[in-house]
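> Need a 3D model of the sequence below.
(one chain, ligands or ions: 2)
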Amino acid sequence: MYPDWPETTADLVPLPLCDGPKLAAFDFQGDQQIDFLEYLGEGLHAHVVKVSIKGKEYALKLFRFVDDHDWYGPGDDDSNEDRDKLTLFAQYSEPFNSECRAFARLQEAGHPELATACYGYVILDEAQERELMDRFKLEFNCGIEQSGQFDMRGRYLGKRSGKPPPIRGILKELGTRDPYTNPPDFSVVSAKKVLLDLKKLHQLGIISHDLRRDQLINGKICDFSSAITIPHFLTNPELNPRLTEKQKHRMMREAFHFTIGDFWNFEEMLRDTLDEPRQTSKLDRVPVLPGGIFRYRADSKYQLRRSPDRPNRTRYGYIQTDQELVACCFSAGAETTPGGKSKDREDWAVEIMPVPWSAELRSCGEPHILTTELALWWLCMLALSDGHHALVPKADIVPINKWDTVNKGDGRGWVWRRRYSQVETPANDFMDDHDMLDIFDDST
Ligand SMILES: Nc1ncnc2c1ncn2[C@@H]1O[C@H](COP(=O)(O)OP(=O)(O)O)[C@@H](O)[C@H]1O
Ligand SMILES: [Mg+2]
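Ligands and ions are numbered 1, 2, ... in the order given. Reported below is the predicted structural model:
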């Protein structure tokens with residue numbers, strides 16, 4: 001479940017022990033000397049202490065031994081209290097491992113700048129633990145809410161040492177966060193920067209960020225103890241070949257909720273910040289989700305109309321309910337003022353395609369069914385495809401199944417080329433354009 005006491009530095013292998021990114025141990029370049037300087041703060045999963053190593057100051061996040069309910073996995077159900085089963089899932093999801101995986105993913109992707117700098121993990125030795133306890137009297141059993149109520153650390157003795165596990169830490173750049181009470185103005189530029197970092201983290205497969213203003217250190221995301229990083233048992237069903245289709249769909253839906261939840265949290269952070277007395281910057285102007293950060297208060301009919309209006313380039317969008325994902329395709333007439341904004345347009349229309357979350361692919365021979373996976377995949381592809389995300393009149397929207405006929409020149413004949421993917425397939429020389437368009441011009 002937890003790493004055992006290391007006997008030599010060779011035991012300090014990159015962690016965690018599961019598929020995917022692994023964080024290397026901090027290289028002390030000699031003896032493991034740490035000076036504990038000051039207590040910096042705590043959260044659900046950890047205590048953070050200012051330390052000095054070889055004259056340089058860092059923040060050392062020291063992880064509690066939390067309840068299995070405190071991390072995403074099978075521990076939510078007490079009937080799963082099985083060491084091997086929990087160990088397997090804990091490798092991905094237990095707070096220390098979660099954080100190792102997220103920082104390691106940033107390092108392997110070459111984007112450590114998206115978060116507070118991380119220098120590796122640290123396992124405290126017995127003398128360091130004694131010194132830490134003498135100075136700060138910290139409690140490592142349970143998360144912050146049940147602090148010290150149960151002997152969580154003693155549950156899983158090390159297989160080699162037979163002792164309760166050592167304290168695990170992650171060494172990071174020392175920074176500051178805004179105070180909880182009466183924080184200073186949060187500028188639009190800073191908010192947009194955090195949003196951009198969040199989007200990039202998602203693109204790298206790191207979701208579930210528990211975003212709050214007090215979680216930001218020097219304006220960057222720093223706390224990954226609840227993060228889900230690919231490959232993960234939630235996002236990568238191929239890790240478990242025994243999953244049923246239904247289970248995979250539920251996982252897909254849950255992963256989607258974690259992902260969009262990060263944007264909801266971000267909006268909530270902005271809304272809360274706007275209530276602060278010293279806030280002057282207009283955070284309601286930061287574009288997060290269609291409809292703006294006050295969309296819950298507004299008339300949803302207008303929100304639907306406004307959603308493609310936002311950056312003037314969102315032809316596709318979606319609405320999610322508990323039962324369905326509703327894919328939306330917006331169109332509007334030509335601009336009434338040339339070069340004007342989309343609000344100057346007329347003849348707004350939206351076509352919708354509700355896709356139940358429960359829609360499942362059937363075995364061969366059954367009718368083809370549009371699943372939420374495919375719908376979401378298409379929405380993303382359409383949003384990314386150049387030239388196909390701007391709001392245009394309906395007649396100019398290229399259907400998903402649009403094929404063009406192209407003469408390759410130099411006697412190489414005709415091919416059918418799919419408009420979106422540019423995939424080509426040979427066509428008969430003697431067919432003319434119109435025949436082929438007749439065959440392939442229907443949208444699905
Ligand atoms: N790099 C850092 N520099 C300075 N203070 C930090 C740093 N990281 C965390 N802290 C402080 O420690 C607190 C808890 O850290 P955090 O990573 O959020 O732990 P948890 O996972 O338990 O929520 C933060 O709210 C902040 O006050
Ligand atoms: Mg935190």
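> Report the contact partners of residue 201.
Each residue near residue 201 by C-beta atoms under 8 Å, 6 or more residues apart in numbering is listed here: 114-115, 207, 209, 221. For the C-beta atoms, the positions are set from N, CA and C on the backbone; glycine is no exception.
> ok, so what distance separates the residue lying closest to residue 1 once chain neighbours are set aside from ligand 2?
Closest residue in space to residue 1, ignoring its immediate chain neighbours: residue 156 at 4.1 Å, by C-beta to C-beta, 6 or more residues apart in numbering. From residue 156 across to ligand 2, the span is 24 Å (C-beta to the ion, to the nearest Å).
> What about residue 156? Give its phi and psi, please.
phi -120, psi 90 (degrees, to the nearest 10).
> Residue 377 now?
Dihedral angles of residue 377 (phi, psi; degrees, to the nearest 10) stand at phi -60, psi -40.
> Beta-bridge partners for the residue in the stretch 301-444 of the chain that ligand 2 sits nearest to, please?
The nearest approach of the stretch 301-444 of the chain to ligand 2 comes at residue 320, 27.1 Å away (C-beta to the ion). Residue 320 has the following beta-bridge partners by DSSP bridges: residue 325.
> ok, back up a step: and the residue nearest to residue 1, how close does it get to residue 377?
As judged by C-beta to C-beta, to the nearest Å, residue 156 and residue 377 stand 40 Å apart.
> Neighbour count for those two, which is higher?
residue 156 (17 against 11; other C-beta atoms under 10 Å).
> can you give me the helices for this protein?
Along the chain, counting by DSSP state H, helices occupy 83-93, 95-108, 126-136, 188-203, 245-274, 300-306, 372-384, 433-440.
> now for those helices, which one comes closest to ligand 2?
With respect to ligand 2, and counting by C-beta to the ion, the nearest of those is helix 95-108 at 9.7 Å.
> The closest one: how far from the chain's middle?
13 Å (C-alpha atoms, centre = their mean, to the nearest Å).
> cool, stretch 12-21 as well?
20 Å.
> Residues of this protein that sit close to ligand 2?
43, 223 (C-beta under 5 Å from the ion).
> from the chain, which residue is nearest to ligand 1?
Ligand 1 sits closest to residue 43 of the chain, with a gap of 1.9 Å, by C-beta to the nearest ligand atom.
> does residue 315 really touch residue 397, like I thought?
Yes: the criterion here is C-beta atoms under 8 Å, and residue 315 meets it with residue 397 at 7.0 Å.
> Can you work out which residues contact both of those two?
Common neighbours of residue 315 and residue 397, counting by C-beta under 8 Å, 6+ apart, are 329, 331.
> Which stretch among the helices of the chain is buried most, on average?
Per residue and on average, the most neighbours among the helices of the chain fall to helix 95-108, with a mean of 25 (mean count of other C-beta atoms under 10 Å).
> where does the residue minimising distance to the centre of the chain land on pLDDT?
Nearest to the mean C-alpha position of the chain, by C-alpha atoms, centre = their mean, lies residue 207 at 1.7 Å. Predicted confidence (pLDDT) for residue 207: 97.
> how long is stretch 44-58 end to end?
With C-alpha to C-alpha, to the nearest Å applied, stretch 44-58 spans 21 Å between its terminal residues.
> do the same with stretch 64-75
In stretch 64-75, first residue to last residue: 16 Å (C-alpha to C-alpha).
> Flag every buried residue along it.
Neighbour counts using 16 or more other C-beta atoms under 10 Å place 64-68, 70-75 of stretch 64-75 among the buried residues.
> correct me, but the residue nearest to the centre of the chain touches residue 227?
Yes: assessed by C-beta under 8 Å, residue 207 is found in contact with residue 227 at 7.0 Å.
> hey, what's in contact with both of the two?
In contact with both residue 207 and residue 227: no residue, using C-beta under 8 Å, 6+ apart.
> Could you take the contacts of residue 201 and lay them out as CSV, with extra columns for distance to residue 24?
Shown next, in CSV, are those (distance: C-beta to C-beta, whole Å):
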residue, distance to residue 24
114, 19
115, 16
207, 23
209, 23
221, 21
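> surely residue 185 meets residue 280?
Yes: in this structure residue 185 lies within contact range of residue 280 using C-beta under 8 Å: 5.2 Å.
> who's more crowded, the two?
Comparing residue 185 with residue 280 by other C-beta under 10 Å, the one with more neighbours is residue 185, at 14 against 11.
> Next one: the closest residue to residue 100 other than its chain neighbours from residue 208, what distance?
The spatial neighbour of residue 100 that comes closest, neighbours along the chain excluded (C-beta to C-beta, 6+ apart), is residue 23 at 3.8 Å. Taking C-beta to C-beta as the measure, residue 23 falls 18 Å from residue 208.
> Is it correct that residue 147 is in contact with residue 141?
Yes: contact criterion C-beta under 8 Å: residue 147 and residue 141 qualify, at 7.2 Å.
> more neighbours, these two?
residue 141 (19 against 14).
> can you tell me which residues contact that one?
Residue 141 touches 64-65, 147-153, counting by C-beta under 8 Å, 6+ apart.
> repeat for residue 116
Contacts of residue 116 by C-beta under 8 Å, 6+ apart are 59, 172-173, 175, 217-218, 220-222.
> Can I have the buried ones of those as a ChimeraX selection?
Of the contacts of residue 116, the buried ones can be selected in ChimeraX as follows, counting by 16+ other C-beta under 10 Å:
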select :59,172,173,217,220,221,222
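> quick one: which of the contacts of residue 116 is nearest residue 387?
Relative to residue 387, the closest of those is residue 221; by C-beta to C-beta it sits at 32.7 Å.
> Show me what the closest one bridges to in the sheet.
Here residue 221, judged by DSSP bridges, has bridge partners residue 115, residue 216.
> Please verify my assumption that it contacts residue 209.
Yes: at 6.2 Å, residue 221 counts as touching residue 209 under the criterion of C-beta under 8 Å.
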